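[1] Model the following, please.
(one chain, ligands or ions: 1)
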Amino acid sequence: MNVKEHESLKLKTTMHIGGSARYYAELKTKSDVEEAWRFAEEKSVPLLVLGAGSNTIFADSLINALVVRIAADHLSVDGNRVEAEVGRPLGYIVNALAQHNLDLSALTGIPGTLGGALFGNAGQGPTGLWIGHFVESVTAFLGSSWRTFSKEECLFGYRDSVFKRSSSPVILWSAHLAPPSRPQEEIAQEIRSLLAKRREAQPFSMTAGSCFKALSDGTPAWQIIDRAQLRGFRVGGVETSPKHANFLINTGDATYADASDLIQTIRKKTGAPLELEMRFIDETGRVLS
Ligand SMILES: Cc1cc2nc3c(=O)[nH]c(=O)nc-3n(C[C@H](O)[C@H](O)[C@H](O)COP(=O)(O)OP(=O)(O)OC[C@H]3O[C@@H](n4cnc5c(N)ncnc54)[C@H](O)[C@@H]3O)c2cc1C
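    Next comes the predicted model:
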């Protein structure tokens, strides 16, 4: 494992908000993972895993943490049993499995890696399909050892998993998936239709997707933001998208402070118990809730 210190390269996120990491490494093997964990312990800094950054923003300054990316992305298919390493983009997996008549089309159009998707149980809304529905098991480094979690042990819920709730650092490594079989042409048709719906409903700009989760009664966050007339509301360089009120947009020169101020304003003005879906990571490596 090659750790870069005070890397001047900015951490990559789709919202293009964030500074650089005090320590940064790409992990290619399981022993790299163990080494990274030991390194973070020795330096007494948080260990943060970054996937494609499509649900994450970092503080603009130097983040006092070891930030790692998983550079393992092997994918194998045997009948309807699929094994994938978490660095592989989810969209690639959806399309590749369609060629094998295996249907993950419900996850169409979700940016990011398999790791990010498993961590946050990415997918449709509270009553739809999530990646957890297709998981058989997940292998992760947690605490200080390797463990394979059965689907039940993953405790998948709406944008929730045992990994997200863990108080110790978790590094997801691979998963076995068992998608249902369906003819390739039907899957391709479904993928096209879902992509068209996204193009209609979502902005294609610098964003990290939905900022808040739906409320526990299922009310979508965009409805709450809309009712408070905060669609298109702007703080500094960040606004709620005029196209989808729950998407924060970087209008060009957004800062982390703009984004955090905007979410506080939304919470205050709506008065609703809005939980973050996006990951806001401050300069100490702490994740805001
Ligand atoms: C335009 C757009 C549309 C979106 N639509 C949807 C949608 O329909 N449904 C949905 O659920 N999400 C959606 N998202 C959000 C985002 O795509 C998902 O949350 C995605 O799964 C994040 O993956 P990532 O690799 O980018 O994760 P990152 O943003 O890099 O990380 C997210 C979290 O996962 C953790 N993580 C990532 N990899 C690992 C790993 N290997 N081990 C441990 N922890 C890890 C990170 O530490 C972080 O806490 C959308 C985002 C955008 C920009």
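[2] Neighbours of Lys12, how many?
    The local packing count at Lys12 equals 14, with neighbours defined by other C-beta atoms under 10 Å. To be clear about C-beta, it is placed using only N, CA and C from the backbone, and glycine gets the same treatment.
[3] three-state assignment of the nearest residue to it once chain neighbours are set aside?
    Counting by C-beta to C-beta, 6 or more residues apart in numbering, the nearest residue to Lys12 once its immediate chain neighbours are dropped is Gly53, at 5.2 Å. Secondary structure assignment for Gly53 (DSSP: H, G, I helix; E, B strand; the rest coil): coil.
[4] Next up, the contacts around Gly53.
    Contact criterion C-beta atoms under 8 Å, 6 or more residues apart in numbering gives 11-15, 18, 112, 208 as the residues in contact with Gly53.
[5] Check the secondary structure at the residue of the stretch 151-289 of the chain found nearest the ligand for me.
    Nearest to the ligand in the stretch 151-289 of the chain, going by C-beta to the nearest ligand atom, is Gly209, at a distance of 2.4 Å. In the three-state summary, Gly209 is assigned as strand, counting by three-state DSSP.
[6] any idea how far the ligand is from the closest residue in space to it that isn't next to it in sequence?
    The shortest distance from Gly209 to any non-neighbouring residue, by C-beta to C-beta, 6+ apart, is to Asn55 (5.9 Å). Here the criterion is C-beta to the nearest ligand atom, to the nearest Å. By it, Asn55 lies 3 Å from the ligand.
[7] which bits of the stretch 51-200 of the chain sit near the ligand?
    Taking C-beta under 6 Å from any ligand atom, the part of the stretch 51-200 of the chain that reaches the ligand is made up of 51-56, 70, 86, 110-113, 115-117, 119-120, 122-123, 170-172.
[8] can you list the domains in the chain?
    The chain resolves into domains spanning 4-70, 75-185, 202-281 when parsed by automatic domain parsing.
[9] could I get those as CSV with mean pLDDT?
    Written out in CSV, the entries for the domains of the chain read as follows (pLDDT from 0 to 100):
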stretch, mean pLDDT
domain 4-70, 95
domain 75-185, 97
domain 202-281, 97
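[10] Any chance of the ones you listed in TSV with distance to Ser193 as columns?
    Supplementary listing: the domains of the chain in TSV, determined by distance: least, C-beta to C-beta, whole Å:
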stretch	distance to Ser193
domain 4-70	22
domain 75-185	9
domain 202-281	15
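[11] Nearest to Leu194, out of the ones you listed?
    Closest of the domains of the chain to Leu194 is domain 75-185, at 4.1 Å (criterion: C-beta to C-beta).
[12] Show me what counts as buried in stretch 189-204.
    Going by neighbour count (16 or more other C-beta atoms under 10 Å), the buried part of stretch 189-204 is 190-191, 194, 202.
[13] For those, which two are the farthest from each other?
    Using C-beta to C-beta, the buried residues of stretch 189-204 span at most 17.7 Å, a distance reached by Glu190 and Gln202.
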